[in-house]
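Asks: I would like to see how this sequence folds:
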Amino acid sequence: MHRIKNISIFFLALFLFQITAQEKVFTTHDIFRIQNVGNAIVSPDGNYALYTLSVPRPFTEKAGSDYSNLYVYDFSKKESEELVTGKLNIYSPSWNVDSKSIFFRAKLEQSPKTQVYRIDLENKEIKLVTNSENSVSQYELSPDGKHLLYTSEEVLPSNKEIIEKGFDQEIFEENLADVNLYLMTLENNEVKQLTKDVSVFDFTWSNSGKQIAAAIAPNNLVDDSYMFKRIHLIDIESGEIKKLVNNPGKLGEMSFSPDDSKLAFISAADTNDSVAGSIFIADTKSENNFKGLKNYSKGFRGSVIDIDWLDNSTFLFLAEEGVYTVISKQKVDQDEREILLEEDKLILSSFSFNGEKFVFAGNTKMHPNELFVFEHNSKELNKLTNHNSWLKDYKLAKQEKIVYYAKDGLDIEAVLIYPLNYEEGESYPLITYIHGGPEAAEMDGWQTSYSRWGQAAAAKDYFVFIPNYRASAGRGYEFALMGLGDLAGKEFEDVIDGIDFLISKGLVDHKKVGIGGGSYGGYFSAWAATRHSERFAASVCFVGIGNQISKRNTTDIPWEDYYVHWGIWTNENLEKVYDRSPVKWAYLNQTPLLILHGTEDPRVHPSQSLELYRSVKMFGNAPVRLVWYPGQGHGNSKNTAKLDYALRTMEWFDYYLKGNNDKSTKPNTDLDYKLEILD
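Replies: Below you'll find the predicted structure:
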């Protein structure tokens, strides 16, 4: 009798435990528990995979960015091992050719600068490799393991004495330090400078080790790195530098064929193409006229983001296709591809391939980035890590891809997250998340971070609508070009049409529609709160644009803005540029507007938010608040700034979309951060 009673109690306790586990609800604070796998690289022998793990910085420590630690996964043991962990950051790890040691970049006690280090897999000993006067920004080991290429900014003459006397003036965009390419012989640590009076932003070894493909620009400016990189070949023995391709505009990854006769690269199709998303292949024996190269992505409804070779006649590529990512292979002499890892399996941004295994960091709608392996021959996909195992106890909201049609008939893809407690027939408040760019795309994967409300909002019974409006990446050249010269035009109408689609389905309460996003998403949010204010009950504008005229003259990417966004100079049509500025329409504002900006933003100058705030506040039609994040740039990197943003923006939506508060009041300026939750 007692045995039966005890068994009953056991199963009752188990049942209650399961119910409790199932009832855990994702909150904004849970965002700051998430760990993300990145930089996944398979070893040459295929026995291991290395990766970095982003680890949240505890709020009990001094404020700062998250940590990045180094791990290795052993395929035979089926387990991960910590290699370099703690309160530090590991960047760009890579394998030695013998698969017995790993290189990486870090700032450790051996040097005040970021240098290249090597760790032995067996004894875990860490050795300093480079001793560069300035920090190493990139590096790559030669195919034979005897040499190391790396880039570092040149050392300029010191002005320390004159600065100490108070003459601390700064000359803007002159006397720039070039990003030089260096060749290091590992046997004797001899270093040879390969470039001068130009800046090298990317490079890759040929398989023979006799030459290098380098993306070279005239100046060390962000705009140059975006628009003016051209592909050159550098001969290792002679040091001769020759232009290989007069590629236009934006440039992505490069990869030599196994025999080095060809160089595959990802590029914009022309200067006005906002996305480096098309595949081209150049002959490495002589200079190539870009216009004569075959565009393997012509007509392709996607954007290529990574590339490699299977053999001399077959290349591999990863592409964003709508809201999914797909790995494919294609013969050089054919127009059709073969899909290897199909859509709706996993979302990834790069891959590593050793001839047999693909290794990558991937996420789904149910979990953030973890380590995965995909076997080329068997097509078997396996998840290798589970760094966010705590998520198994959480009930996550339904998420799916939707397709709707704009007024002109164009099909638009989006991600929709349902309210956690959704009941058919009920309508709910909506948060519309707008991605930046606009040359970016949101995937049907993990959609929750400090700046993406995702599951945290769904748990509060919001719909979260994430549209890939026209001009987004992931739909091919023609789709991306649709935004040229029509900023916040039909591309914004796509957002309105998507909201109307959800309202027509009875899912969304038309009186409780919110919008938010950063950068170009912030611009859309400011546009929504002014030009289309009658449609929105709350708006969150992060590092967004208020005045297109002044934005164009204060950004660090004016040429990119001209070539891929406007296509005209402001003086050619001043009225049009001002017409697409939220400040012009500030008098229409009826939407409570929360504006947030980092004080050190070089992309969208902080004055953009000040202009927007002042123009809306002077009319006084609705609540407006401006929040500065000291020391932060085009997005927040400091953990405290991230937490403040996540909590403050969610509170703004709650106050105006779920509360009964009228527009004569605002939420308190002070937040209860509840840091004890994260202890």
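Asks: residue ranges for the strands of the stretch 251-400 of the chain, please.
Replies: For the stretch 251-400 of the chain, the strands defined by DSSP state E, counting those that start in this stretch occupy 251-256, 262-267, 278-283, 303-311, 314-321, 324-331, 337-341, 347-348, 352-353, 357-364, 367-375, 381-383, 394-395, 399-405.
Asks: And those strands: which comes nearest residue 135?
Replies: Closest to residue 135 of those is strand 251-256 (Cβ to Cβ; 23.0 Å). All C-beta spots, glycine's among them, are computed from the backbone N, C-alpha and C.
Asks: Per the annotation, how does this protein divide into domains?
Replies: Here the domain assignment for the chain is 34-129+347-392, 196-345, 395-678, based on automatic domain parsing.
Asks: start to end distance for the second one?
Replies: Domain 196-345 has its terminal residues 45 Å apart, counting by Cα to Cα, to the nearest Å.
Asks: hmm, back to that, and the strands of the stretch 251-400 of the chain as a markdown table, adding distance to residue 102?
Replies: Below are the strands of the stretch 251-400 of the chain laid out as a markdown table (distance: least, Cβ to Cβ, whole Å):
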| stretch | distance to residue 102 |
| --- | --- |
| strand 251-256 | 22 |
| strand 262-267 | 26 |
| strand 278-283 | 30 |
| strand 303-311 | 20 |
| strand 314-321 | 23 |
| strand 324-331 | 25 |
| strand 337-341 | 26 |
| strand 347-348 | 21 |
| strand 352-353 | 13 |
| strand 357-364 | 14 |
| strand 367-375 | 15 |
| strand 381-383 | 22 |
| strand 394-395 | 34 |
| strand 399-405 | 36 |
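Asks: Out of those strands, which gets nearest to residue 91?
Replies: strand 357-364 (14.7 Å).
Asks: would you put the C-alpha positions of that closest one in PDB?
Replies: Only the C-alpha atoms of strand 357-364 are listed here, as PDB (Å, rounded to 0.1, in the frame of the first residue of the first chain):
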ATOM      1  CA  LYS A 357      32.200  17.500 -44.300                       C
ATOM      2  CA  PHE A 358      30.500  20.800 -44.100                       C
ATOM      3  CA  VAL A 359      30.700  22.400 -40.700                       C
ATOM      4  CA  PHE A 360      28.900  25.500 -39.700                       C
ATOM      5  CA  ALA A 361      27.000  27.400 -37.000                       C
ATOM      6  CA  GLY A 362      23.300  27.200 -37.600                       C
ATOM      7  CA  ASN A 363      20.100  28.300 -36.000                       C
ATOM      8  CA  THR A 364      16.400  27.400 -36.300                       C
END
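Asks: from the middle of its chain, how far away would stretch 273-285 be?
Replies: Its chain's C-alpha centre and that of stretch 273-285 lie 21 Å apart, by Cα atoms, centre = their mean, to the nearest Å.
Asks: can you check stretch 631-640 too?
Replies: The chain centre lies 15 Å from the centre of stretch 631-640; the measure is Cα atoms, centre = their mean.
Asks: Stretch 432-440 too?
Replies: The answer for stretch 432-440 is 11 Å, by Cα atoms, centre = their mean.
Asks: Quick check: mean pLDDT of that stretch?
Replies: Across stretch 432-440, the average pLDDT comes to 98.
Asks: Can I get it in CSV, CA atoms only?
Replies: In CSV, the C-alpha atoms belonging to stretch 432-440 read as follows (Å, rounded to 0.1, in the frame of the first residue of the first chain):
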residue,chain,number,x,y,z
THR,A,432,6.5,45.2,-36.9
TYR,A,433,10.3,44.6,-36.9
ILE,A,434,12.1,46.3,-39.9
HIS,A,435,15.6,45.2,-40.8
GLY,A,436,18.3,47.6,-41.8
GLY,A,437,20.1,48.0,-45.0
PRO,A,438,17.8,47.9,-46.8
GLU,A,439,20.1,45.3,-48.4
ALA,A,440,19.6,42.7,-45.8
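Asks: Pull the residues that contact that stretch.
Replies: Applying Cβ atoms under 8 Å, 6 or more residues apart in numbering, the contact partners of stretch 432-440 are 274-275, 441-442, 447, 452-454, 464-469, 471-473, 480, 483, 491, 495, 498-499, 513-522, 524-525, 564.
Asks: who's in contact with stretch 374-389?
Replies: So stretch 374-389 is in contact with 33-35, 37, 49, 51, 53, 73, 78, 80, 310, 327, 340-341, 345-346, 353, 355-360, 367-368, 370-373, going by Cβ under 8 Å, 6+ apart.
Asks: what ranges do the helices span in the stretch 451-600 of the chain?
Replies: Secondary structure of the stretch 451-600 of the chain (DSSP state H, counting those that start in this stretch): helices located at 454-458, 477-481, 490-504, 520-530, 548-554, 558-560, 574-579.
Asks: Just the C-alpha atoms of the second one, please, in PDB.
Replies: So that's helix 477-481. Output of helix 477-481 as PDB, limited to C-alpha atoms (Å, rounded to 0.1, in the frame of the first residue of the first chain):
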ATOM      1  CA  TYR A 477      19.500  41.400 -58.300                       C
ATOM      2  CA  GLU A 478      16.200  42.800 -59.700                       C
ATOM      3  CA  PHE A 479      14.500  42.700 -56.400                       C
ATOM      4  CA  ALA A 480      17.300  44.500 -54.600                       C
ATOM      5  CA  LEU A 481      17.400  47.200 -57.200                       C
END
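Asks: May I see the buried residues of that helix?
Replies: 477, 479, 480, 481 (16 or more other Cβ atoms under 10 Å).
Asks: ok, back up a step: is it possible to export the strands of the stretch 251-400 of the chain to CSV including distance to residue 675 and mean neighbour count?
Replies: Shown next, in CSV, are the strands of the stretch 251-400 of the chain (distance: least, Cβ to Cβ, whole Å; neighbours: other Cβ atoms under 10 Å):
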stretch, distance to residue 675, mean neighbour count
strand 251-256, 41, 22
strand 262-267, 43, 24
strand 278-283, 47, 20
strand 303-311, 37, 21
strand 314-321, 37, 23
strand 324-331, 36, 20
strand 337-341, 41, 15
strand 347-348, 31, 24
strand 352-353, 38, 20
strand 357-364, 27, 23
strand 367-375, 22, 21
strand 381-383, 32, 13
strand 394-395, 21, 16
strand 399-405, 29, 16
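Asks: From residue 115, how far off is residue 155?
Replies: 15 Å (Cβ to Cβ, to the nearest Å).
Asks: Between these two, tell me which one has more neighbours.
Replies: Neighbour totals were compared for residue 155 and residue 115, and residue 115 leads with 22 against 11 (other Cβ atoms under 10 Å).
Asks: so that one touches residue 127, yeah?
Replies: No - using Cβ atoms under 8 Å, residue 115 makes no contact with residue 127, being 10.6 Å away.
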